[in-house]
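A.B. asks: output the structure for:
(one chain, ligands or ions: 2)
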Amino acid sequence: MASAAHCISPITSGSSSSRVSPIAKQLCAGRFGKSSLAGSSTSTPFSYSLLTTKVHCHPFARSLKVSATAISAEPLVTTPSSDSTAASGKERDYDAIIVGSGMGGLVAATQLAIRGARVLLLEKYLIPGGSSGFYQRDGYTFDVGSSVMFGCGDKGSINLITRALADVGRKLELLPDPTTVHYHMPNGLSVRVHRDYEAFLYELTSTFPHEAKGIRSFYGECWRVFNALNSLELKSLEEPLYLFGQFFKNPIACLTLAYYLPQNAGDIARKYIKDSQLLSFIDAECFIVSTVDACRTPMINASMVMCDRHYGGINYPKGGVGGIPRQLAEGLIERGGEIQYKANVKKILTKDGKAVGVKLASGQEILAKVVVSNATRWDTFEKMLDLDQVPKEEKNFQKCYQKAPSFLSIHMGIREEALPTDTDCHHLVLEDDWNNLEAPYGTIFLSIPTVLDPSLAPEGHHILHIFTTAWMDDWEGLSPAEYMAKKEAVADVIIGRLEKMLFPGLRDAITFKEIGTPKTHRRFLARDAGTYGPIPAGRPKGLLGMPFNTTAVEGLYCVGDSCFPGQGVIAVAFSGIMCAHRVAADIGLERRSAILDKGLLGLLSWFRTLA
Ligand SMILES: NC(=O)c1ccc[n+]([C@@H]2O[C@H](COP(=O)([O-])OP(=O)(O)OC[C@H]3O[C@@H](n4cnc5c(N)ncnc54)[C@H](O)[C@@H]3O)[C@@H](O)[C@H]2O)c1
Ligand SMILES: CC(C)=CCC/C(C)=C/C=C/C(C)=C/C=C/C(C)=C/C=C/C=C(C)/C=C/C=C(C)/C=C/C=C(\C)CCC=C(C)C
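C.D. replies: Numbering: from 1, shown residues only. Ligands and ions are numbered 1, 2, ... in the order given. Presented below is the predicted three-dimensional model:
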């Protein structure tokens, strides 16, 4: 059970042994575990040819063929590679090259294009979106990652996804989700987070009547932060003319945010709430946002998520989450940008310490005024740059933040009779022990997007997207046969738990199943160790230690979840907006003041050393 002590304990995910959950232990002790595999072949499960394989192929890989079909029905526009300047090498410079078309990269690219920048977006995979992509199989359209979409509302200034799409003339049909998530927690605790805020508070206070005042005070404080956020025009916090302008226009909101910047949600919850089960529930609320507990979740991020779900609401894009990146990609082309798929950036080229372009796996070199990397900071600085040593700013980042675990994901098609008719779209399941919240395979995330959009599955069927945290080291050193067998075994345990907790008869209703592991995430999303994003290595000072978009290498910027404000589709969209603004100022497309820049960037870099 979580307690105040839980809040101050150091994190224990440093060694693989301390990360082993009871379920993992059960598996490791069995015939599929690493310990029983000493001396086994180390060949990867993906040693087959990516484009030609027909069997044993991961969802994302197989989607290469299938999504190509989907795309050909309504083609994604890209610059034809045969005559493009991108394909012909060094002949033309771009203002900005963006490496990677995750939501962070796409938003940065589109925001630069609408300011008139010449943008080239390079994506390793076949379609845009990264973790927000999609794939199709046997009549099912699966989201690769999250189906819980924040920032898609139609009011305020925090609806960053709606705004990013509107900026390139796009609007998606959205399906409102009446319940953000249905929690199924230890001791039979069942809580639905209703779209209606009062309905949610009613449900929570009915379960914890003795904490009714504390509940209102904690969530009320979240609203104070959210309202401040929602009253600002959101642009780069690294650009002083904008930042000082916002302080001048809206000093209360800015001071409120400055006050909460170094704070964590768990500490604020503990000011008002004493019940340990309720504090554990708030840990679970934060775990969705940050994959760590409330004491390591920045208050600004927690507030953003815990209020936007009631303010703009959670809205599912009809046709699947993959529609968002597709629309952004099409909008980018319409605004004069270029996209090259299957473009694997191997190197960021530097000259006199400044980033000047990139080199692809094909050997092609492309030059630009600036390079923006949507790969994680670990991938960017440790794999793509030829530096004598990692800059001290990045070392500081790596000291403050470590890689979050990856996921084991199961995409399933099932016959509809296995689901009760009033089933909610999103569920979080942790049956027995709050201590397993962060343990590998401990908490189960479950999305059933067909509850909102039946068009994603054949008639009479549903999609179940099940995922749970998993570490790469649990999946290494296995032969292909052992790897496949372990996937089935782990997935079977997870499906069994859902069958027991939620849907009796689930196994018998399965019509389709594909399992991804951390290796799958590493390979198809090009993320170091398949990581979901950064998590604090110790107890963070809120968001204070999180780097923004500029880096120690002149002309090189980062965007995505290893930048401020962190993990989450809306969070990386904000990072894209901030990045585009800072880059635009640096390449002369926005106002800037060199003197103020120097002062602010120096100050922010000093702030980070305090974290
Ligand atoms: N299950 C989930 O809910 C889930 C899972 C994963 C991620 N997500 C969300 O998505 C966020 C990540 O978004 P993001 O914008 O930071 O990134 P992303 O990981 O979604 O996209 C990065 C893109 O960059 C491409 N790329 C990486 N290295 C490259 C290279 N060298 N050359 C060319 N292309 C390269 C990848 O192929 C990918 O398309 C996460 O924080 C999370 O919130 C959700
Ligand atoms: C600069 C300085 C120093 C100072 C100044 C002050 C100021 C002005 C400040 C400001 C600030 C700001 C603006 C900030 C902002 C922020 C933001 C926007 C944030 C955001 C965030 C977001 C987030 C984090 C999100 C997240 C989400 C997520 C992660 C999600 C997830 C989901 C999932 C996983 C799914 C689930 C499922 C189930 C349950 C099934």
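A.B. asks: from here on, just use CA atoms for contacts and neighbour counts.
C.D. replies: Will do.
A.B. asks: show me where pLDDT drops low in the chain?
C.D. replies: 1-92 (pLDDT under 70).
A.B. asks: how about the residues of it near ligand 1?
C.D. replies: 99-105, 122-125, 129-132, 145-146, 343-346, 374-375, 525-526, 532-533, 560-561, 567-569, 572 (Cα under 6 Å from any ligand atom).
A.B. asks: quick one: the strands in the stretch 151-300 of the chain?
C.D. replies: 174-176, 179-185, 189-194 (DSSP state E, counting those that start in this stretch).
A.B. asks: again, but for the stretch 351-500 of the chain
C.D. replies: So, for the stretch 351-500 of the chain - with DSSP E, counting those that start in this stretch - the strands run 354-360, 365-373, 401-403, 406-415, 426-429, 444-447, 461-470.
A.B. asks: mind listing what's buried in the lengthiest helix in the chain?
C.D. replies: In the chain, with assignment by DSSP state H, the single longest helix is helix 480-501. Neighbour counts over helix 480-501 (16 or more other Cα atoms under 10 Å) mark 480, 482-483, 486-491, 494-498 as buried.
A.B. asks: does that helix reach ligand 2?
C.D. replies: No. On the criterion Cα under 6 Å from any ligand atom, helix 480-501 is out of touch with ligand 2, staying 12.8 Å away.
A.B. asks: the following helix or strand past that helix pairs with which strands?
C.D. replies: On the C-terminal side of helix 480-501, the closest following helix or strand by DSSP states H and E is strand 510-516. The pairing partners recorded for strand 510-516 under DSSP bridges are strand 406-415 (antiparallel).
A.B. asks: chain center to the partner strand, what's the gap?
C.D. replies: Offset of strand 406-415 from its chain centre (Cα atoms, centre = their mean, to the nearest Å): 17 Å.
A.B. asks: please renumber the chain so that the first residue is 442 from this point on.
C.D. replies: New numbering, starting at 442: the last item is strand 847-856.
A.B. asks: wait, does that strand contact ligand 2?
C.D. replies: No. If you take Cα under 6 Å from any ligand atom as the test, strand 847-856 misses ligand 2, and the best it gets is 10.3 Å.
A.B. asks: what angle do that strand and strand 902-911 make?
C.D. replies: 160 degrees (axes from the mean of the first three to the mean of the last three Cα atoms, to 10 degrees).
A.B. asks: output strand 847-856 as PDB, nothing but the C-alphas.
C.D. replies: Output of strand 847-856 as PDB, limited to C-alpha atoms (Å, rounded to 0.1, in the frame of the first residue of the first chain):
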ATOM      1  CA  SER A 847       9.000  -0.300 -22.700                       C
ATOM      2  CA  PHE A 848       5.700  -2.200 -23.200                       C
ATOM      3  CA  LEU A 849       4.500  -5.700 -23.900                       C
ATOM      4  CA  SER A 850       1.500  -5.000 -26.200                       C
ATOM      5  CA  ILE A 851      -1.200  -7.400 -27.400                       C
ATOM      6  CA  HIS A 852      -3.400  -6.300 -30.200                       C
ATOM      7  CA  MET A 853      -6.500  -8.600 -30.400                       C
ATOM      8  CA  GLY A 854      -9.600  -9.000 -32.300                       C
ATOM      9  CA  ILE A 855     -12.500 -10.700 -30.400                       C
ATOM     10  CA  ARG A 856     -16.100 -11.600 -31.000                       C
END
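A.B. asks: coming back round to it: save the strands of the stretch 592-741 of the chain as a markdown table, and put in mean neighbour count too.
C.D. replies: Formatted as a markdown table, the strands of the stretch 592-741 of the chain follow (neighbours: other Cα atoms under 10 Å):
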| stretch | mean neighbour count |
| --- | --- |
| strand 615-617 | 16 |
| strand 620-626 | 22 |
| strand 630-635 | 18 |
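A.B. asks: with distance to ligand 2 added, can I get these in JSON lines?
C.D. replies: Converted to JSON lines, the strands of the stretch 592-741 of the chain look like this (distance: least, Cα to the nearest ligand atom, whole Å):
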{"stretch": "strand 615-617", "distance to ligand 2": "15"}
{"stretch": "strand 620-626", "distance to ligand 2": "5"}
{"stretch": "strand 630-635", "distance to ligand 2": "10"}
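A.B. asks: returning to what we had before: which secondary structure elements does the longest helix of the chain sit against?
C.D. replies: strand 951-957 (3 or more Cα pairs under 8 Å, 6 or more residues apart in numbering; DSSP states H and E).
A.B. asks: just the C-alpha atoms of the helix or strand following the strand it packs on, please, in PDB.
C.D. replies: Reading on from strand 951-957 to the C-terminus, the next helix or strand found by DSSP H and E is helix 959-966. In PDB, the C-alpha atoms belonging to helix 959-966 read as follows (Å, rounded to 0.1, in the frame of the first residue of the first chain):
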ATOM      1  CA  PRO A 959      10.300  -4.100 -26.000                       C
ATOM      2  CA  LYS A 960      12.300  -5.400 -29.000                       C
ATOM      3  CA  THR A 961       9.400  -4.600 -31.300                       C
ATOM      4  CA  HIS A 962       9.100  -1.100 -29.900                       C
ATOM      5  CA  ARG A 963      12.900  -0.600 -30.400                       C
ATOM      6  CA  ARG A 964      12.900  -1.900 -33.900                       C
ATOM      7  CA  PHE A 965       9.700  -0.200 -35.300                       C
ATOM      8  CA  LEU A 966       9.700   3.000 -33.300                       C
END
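A.B. asks: which residues does helix 959-966 contact?
C.D. replies: For helix 959-966, contacts defined as Cα atoms under 8 Å, 6 or more residues apart in numbering pick out 499, 501-502, 566, 571-572, 847-849, 911-913, 916, 968-972.
A.B. asks: how about the residues of the stretch 792-941 of the chain near ligand 2?
C.D. replies: So far as Cα under 6 Å from any ligand atom goes, the stretch 792-941 of the chain lies against ligand 2 at 867-869, 886-888.
A.B. asks: between the residues you listed, which sits nearest ligand 1?
C.D. replies: Ligand 1 has its nearest neighbour among these in Phe886, at 8.5 Å by Cα to the nearest ligand atom.
A.B. asks: you'd agree that closest one is up against Leu878?
C.D. replies: No. Contact criterion Cα atoms under 8 Å: Phe886 and Leu878 do not qualify, at 11.2 Å.
A.B. asks: quick one: which of the two has more around it?
C.D. replies: Leu878 (26 against 20; other Cα atoms under 10 Å).
A.B. asks: of the strands of the stretch 592-741 of the chain, which is nearest Ala550?
C.D. replies: strand 615-617 (23.6 Å; Cα to Cα).
A.B. asks: get me the contact residues on the stretch 442-591 of the chain for ligand 2.
C.D. replies: Residues of the stretch 442-591 of the chain lying near ligand 2 (Cα under 6 Å from any ligand atom): 587, 589.
A.B. asks: 8 Å instead?
C.D. replies: 586-591 (Cα under 8 Å from any ligand atom).
A.B. asks: reformat those residues as a markdown table; add secondary structure, distance to Leu696 and neighbour count.
C.D. replies: Below are these laid out as a markdown table (DSSP: H, G, I helix; E, B strand; the rest coil; distance: Cα to Cα, whole Å; neighbours: other Cα atoms under 10 Å):
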| residue | secondary structure | distance to Leu696 | neighbour count |
| --- | --- | --- | --- |
| Gly586 | coil | 35 | 21 |
| Ser587 | coil | 32 | 17 |
| Ser588 | coil | 33 | 24 |
| Val589 | coil | 30 | 20 |
| Met590 | coil | 28 | 20 |
| Phe591 | coil | 25 | 27 |
